[in-house]
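K.L.:
sequence first, then the predicted structure, then my questions.
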Amino acid sequence: MSGAPVARWPGFVVAVAAAIGLDQLIKYLVETGLPMHERVDLIPYLSLFRTYNDGIAFSMLAGLGDTGLALIAGAVTIFVLFLRARTDANRHFAHWGYCMIIGGAIGNLIDRVWHGYVIDYILFHTESWSFAVFNLADAFISVGAAFIVLDEFLDWRATRREDVPDKK
């Protein structure tokens with residue numbers, strides 16, 4: 001692994017900052033314009049619903065408190081930066097995934113430090129079922145993880161093809 005060239009870090013930092021900025025802008029708009037605990041239907045199955053999350057990912061680990069959860073978010077961010085530094089520059093999906101995970105983690109960390117909770121507002125639902133309320137930062141983290149898994153699959157497939165001799 002040759003790692004990511006230093007020249008690519010500025011673009012990465014800009015992309016992470018853009019993800020954080022977009023997340024924080026939307027949360028500001030939600031906080032200032034969306035009523036608390038009132039569902040605002042956008043389209044069938046998708047609504048806005050402002051609520052607060054005292055935990056991480058679907059309210060898990062809420063008992064750790066702000067300091068514990070902030071330390072976990074910091075540790076995850078450092079670990080993902082470490083992985084990003086060790087990943088070859090040609091692994092584009094992985095690099096986008098790292099960017100999205102770090103942007104989402106820092107976006108939620110800002111909420112936790114600033115407010116003591118994370119602002120959630122996206123609700124998928126049917127008449128009889130609803131998914132956990134989440135936010136753009138959570139979506140960044142989830143999609144980022146999917147990008148990394150996709151990148152690993154594509155790399156595994158390419159490596160596997162290189163190892164198979166031609167059948168001529």
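P.N.:
Nice, thanks for sending it over.

K.L.:
the helix or strand of the chain with the lowest mean pLDDT - contacts with which helices or strands?
P.N.:
Between all helices and strands in the chain, the lowest mean by mean pLDDT, DSSP states H and E belongs to helix 65-86, at a mean of 84. Helix 65-86 sits against helix 92-115, with contacts defined as 3 or more C-beta pairs under 8 Å, 6 or more residues apart in numbering; DSSP states H and E. The way it works is simple: take the backbone N, C-alpha and C, and place the C-beta from them, glycine included.

K.L.:
got the angle between the helix it packs on and helix 65-86?
P.N.:
With axes from the mean of the first three to the mean of the last three C-alpha atoms, to 10 degrees applied, the angle from helix 92-115 to helix 65-86 works out at 160 degrees.

K.L.:
now do the buried residues in helix 92-115.
P.N.:
93-112 (16 or more other C-beta atoms under 10 Å).

K.L.:
next structured bit after that helix?
P.N.:
strand 118-124 (DSSP states H and E).

K.L.:
tell me the buried residues in that next one?
P.N.:
Result for strand 118-124 [16+ other C-beta under 10 Å]: buried residues 118-123.

K.L.:
tell me which residues are up against that strand.
P.N.:
Contact with strand 118-124 is made by 26-27, 30-31, 34, 39, 45-53, 56, 108, 111-112, 130-131, 133-139, as judged by C-beta atoms under 8 Å, 6 or more residues apart in numbering.

K.L.:
longest helix anywhere in the protein?
P.N.:
The longest helix of the chain (DSSP state H) is helix 136-163.

K.L.:
if we can go back for a sec, quick check, nearest of the buried residues of strand 118-124 to E152?
P.N.:
Using C-beta to C-beta, I122 is the member of the buried residues of strand 118-124 that lies nearest E152, at 27.2 Å.

K.L.:
list only those of the contacts of strand 118-124 flagged as buried.
P.N.:
26-27, 30, 47-51, 53, 56, 108, 111-112, 133-138.

K.L.:
just to revisit the earlier point, how far out from the middle of the chain is the least confident helix or strand of the chain?
P.N.:
12 Å (C-alpha atoms, centre = their mean, to the nearest Å).

K.L.:
so how many other residues sit close to L150?
P.N.:
By other C-beta atoms under 10 Å, the residues close to L150 number 14.

K.L.:
pretty sure it sits against F93.
P.N.:
Yes: using C-beta atoms under 8 Å, L150 makes contact with F93 at a distance of 5.2 Å.
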